[in-house]
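**Q** Sequence first, then the predicted structure, then my questions.
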Amino acid sequence: MPLLRLAPENTKFGFMRFRRYSYPFSAFLSIVSVVMFVLVGMNFGIDFAGGTLMEVRAKAGDADLAQLRSLGEQTGLGHIEVQGFGNRTDATIRFGVQPGGDAAQEVAVKKVQAALDDRYEFRRVEVVGPRVSGELVQSGTIGVVVSIFAVLMYLWFRFEWQFAVGAVIATMHDLLLTVGFFSVTHLEFNTTSIAAILTIVGYSLNEAVIVLDRIREVMRKYKRLSTAEMIDMSINAVLPRTIMTATTVFLALLALVLFGGEVIKSFSLAMMWGIFVGTYSSIFICSPILIYLGVRNEVRAESKPGTPGASGNRKPSSKLAAE
């Protein structure tokens, strides 16, 4: 029985000819991400901004979202965000921190429960105060920075410095575009989003390391290839594995988006974006930078100039002349 292949065998696609377009395109997306983060900001969940999240289920019939949204005026709590998820009977109610501290927040929860107790079942109630949310922001930021720094240090010792620089730039590119994704889509950014960012960083680094390791292997075997040819050969060699991995992970995440519920929706969508960005950066950001850093010369000689057998002392082959 033949094995399933999502990419043709012995593919010879010229990825490096797109490097003059991939860098400006990524630079544009990075600038947009920074501008959106500064001007629009993030839609912080109650984990970071503080507030209350309530998950309810209608005891009979569908959840009336319009009626739930009117609770803000009925209870005097101000703006209330209501969103349906999963089945039509399920909904989430979210409102911000109330003036008066924890006691006022508990009173607000009791008001909502009293208004809905006869029609809805309360499946989950989470209350996070401003002090706790501030500590979570600080701890989450420190955790992301430390983990990325540790991984980048590993890359620095694992590869030659040119390879490490490429992996570092690709990782920073993926991290920046993921933050921009949260700003543009306005998905809720909570503790599961921190987990998504760390997972995306790990996935991106894994893809970059696989491509770079194959490039280093090809460097040792094919010494007369140009840099672009060498990188194209390496990427095509790992392309079936890359497509298979990205496809299987994408399908698993798609199932989480459709059936996982509201709690992990932001995590699943961010991971789907991260799979695409991580695969793209390993091919079009990490690899081409080796050309610009001069890992190998585009026009090469078999030995140093002035020595027997050098390119300056004998006619180059037709292949080298074409290069």
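**A** In hand now; what should we look at?
**Q** CA atoms for contacts and neighbours, from now on please.
**A** Fine.
**Q** ok so N87 is a helix residue?
**A** No. N87 sits outside any helix when classified using DSSP: H, G, I helix; E, B strand; the rest coil, being coil.
**Q** Can you give me the separation between it and L258?
**A** Distance, N87 to L258, using Cα to Cα, to the nearest Å: 11 Å.
**Q** same deal with T245?
**A** Between T245 and L258 the distance, using Cα to Cα, works out to 20 Å.
**Q** from memory R19 sits against I283, does it?
**A** No. Between R19 and I283 there is no contact under Cα atoms under 8 Å: 9.5 Å.
**Q** Please identify which of those two sits among more neighbours.
**A** Legend: neighbour count by other Cα atoms under 10 Å for R19 and I283, higher for I283 (24 against 17).
**Q** Now do the contacts for that one.
**A** With contact set as Cα atoms under 8 Å, 6 or more residues apart in numbering, I283 has these partners: 15, 208, 211, 235.
**Q** now do 10 Å
**A** 15-16, 19, 22, 170, 207-208, 211-212, 231-232, 235-236, 239 (Cα atoms under 10 Å, 6 or more residues apart in numbering).
**Q** possible to save these as TSV with distance to G76?
**A** Putting these into TSV (distance: Cα to Cα, whole Å) gives the following:
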residue	distance to G76
F15	59
M16	60
R19	57
S22	52
A170	49
E207	51
A208	53
V211	57
L212	59
I231	63
D232	63
I235	60
N236	61
L239	58
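**Q** List buried residues within those residues.
**A** Neighbour-count burial (16 or more other Cα atoms under 10 Å) is assigned, among the contacts of I283, to 15-16, 19, 22, 170, 207-208, 211-212, 231-232, 235-236, 239.
**Q** quick one, helices of the protein?
**A** Assigned by DSSP state H, the helices in the chain fall at 19-39, 46-49, 65-69, 71-75, 101-116, 130-158, 161-185, 191-221, 227-259, 265-281, 289-292, 318-322.
**Q** Of these, give the one that comes closest to T92.
**A** Among these, helix 65-69 comes nearest to T92, with 9.4 Å by Cα to Cα.
**Q** Could you list the low-pLDDT ranges of the stretch 1-150 of the chain?
**A** 1-9, 47, 79, 86, 101, 128-137, 140 (pLDDT under 70).
**Q** Give me the distance between the nearest residue to G72 once chain neighbours are set aside and M54.
**A** The spatially closest residue to G72, leaving aside those adjacent along the chain, is G78, at 4.9 Å (Cα to Cα, 6 or more residues apart in numbering). In this view, G78 and M54 are 16 Å apart by Cα to Cα.
**Q** which of these two has more neighbours?
**A** Neighbour tally, G78 and M54, criterion other Cα under 10 Å: the higher count belongs to M54, 19 against 14.
**Q** Would you confirm that the more buried one contacts A91?
**A** Yes. With contact defined as Cα atoms under 10 Å, M54 and A91 form a contacting pair (8.4 Å).
**Q** Would you mind listing the residues touching both of the two?
**A** When contacts are counted by Cα under 10 Å, 6+ apart, M54 and A91 are jointly contacted by V82.
**Q** Tell me who's in contact with the residue nearest to G72.
**A** G78 is in contact with 70-72, 95-96, 98, counting by Cα under 10 Å, 6+ apart.
**Q** now E121
**A** 55-59, 90, 113 are the contacts of E121 under Cα under 10 Å, 6+ apart.
**Q** Please repeat the previous calculation with a cut-off of 6 Å.
**A** Residues near E121 by Cα atoms under 6 Å, 6 or more residues apart in numbering: 56-57.
**Q** who's it bridged to?
**A** R57 (DSSP bridges).
**Q** ok, the spatially closest residue to F122 that is not a sequence neighbour to F48 distance?
**A** Spatial nearest neighbour of F122, chain neighbours left out: V56 (4.6 Å); criterion: Cα to Cα, 6+ apart. Look at V56 and F48: by Cα to Cα, they are 22 Å apart.
**Q** Show me which positions of stretch 194-208 end up buried.
**A** 194, 196-208.
**Q** Turn those residues into JSON lines, columns for pLDDT and distance to F159.
**A** Formatted as JSON lines, the buried residues of stretch 194-208 follow (pLDDT from 0 to 100; distance: Cα to Cα, whole Å):
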{"residue": "I194", "pLDDT": "83", "distance to F159": "28"}
{"residue": "A196", "pLDDT": "87", "distance to F159": "26"}
{"residue": "I197", "pLDDT": "86", "distance to F159": "24"}
{"residue": "L198", "pLDDT": "83", "distance to F159": "22"}
{"residue": "T199", "pLDDT": "87", "distance to F159": "22"}
{"residue": "I200", "pLDDT": "88", "distance to F159": "21"}
{"residue": "V201", "pLDDT": "85", "distance to F159": "18"}
{"residue": "G202", "pLDDT": "84", "distance to F159": "17"}
{"residue": "Y203", "pLDDT": "87", "distance to F159": "18"}
{"residue": "S204", "pLDDT": "87", "distance to F159": "16"}
{"residue": "L205", "pLDDT": "85", "distance to F159": "13"}
{"residue": "N206", "pLDDT": "85", "distance to F159": "13"}
{"residue": "E207", "pLDDT": "88", "distance to F159": "14"}
{"residue": "A208", "pLDDT": "87", "distance to F159": "11"}
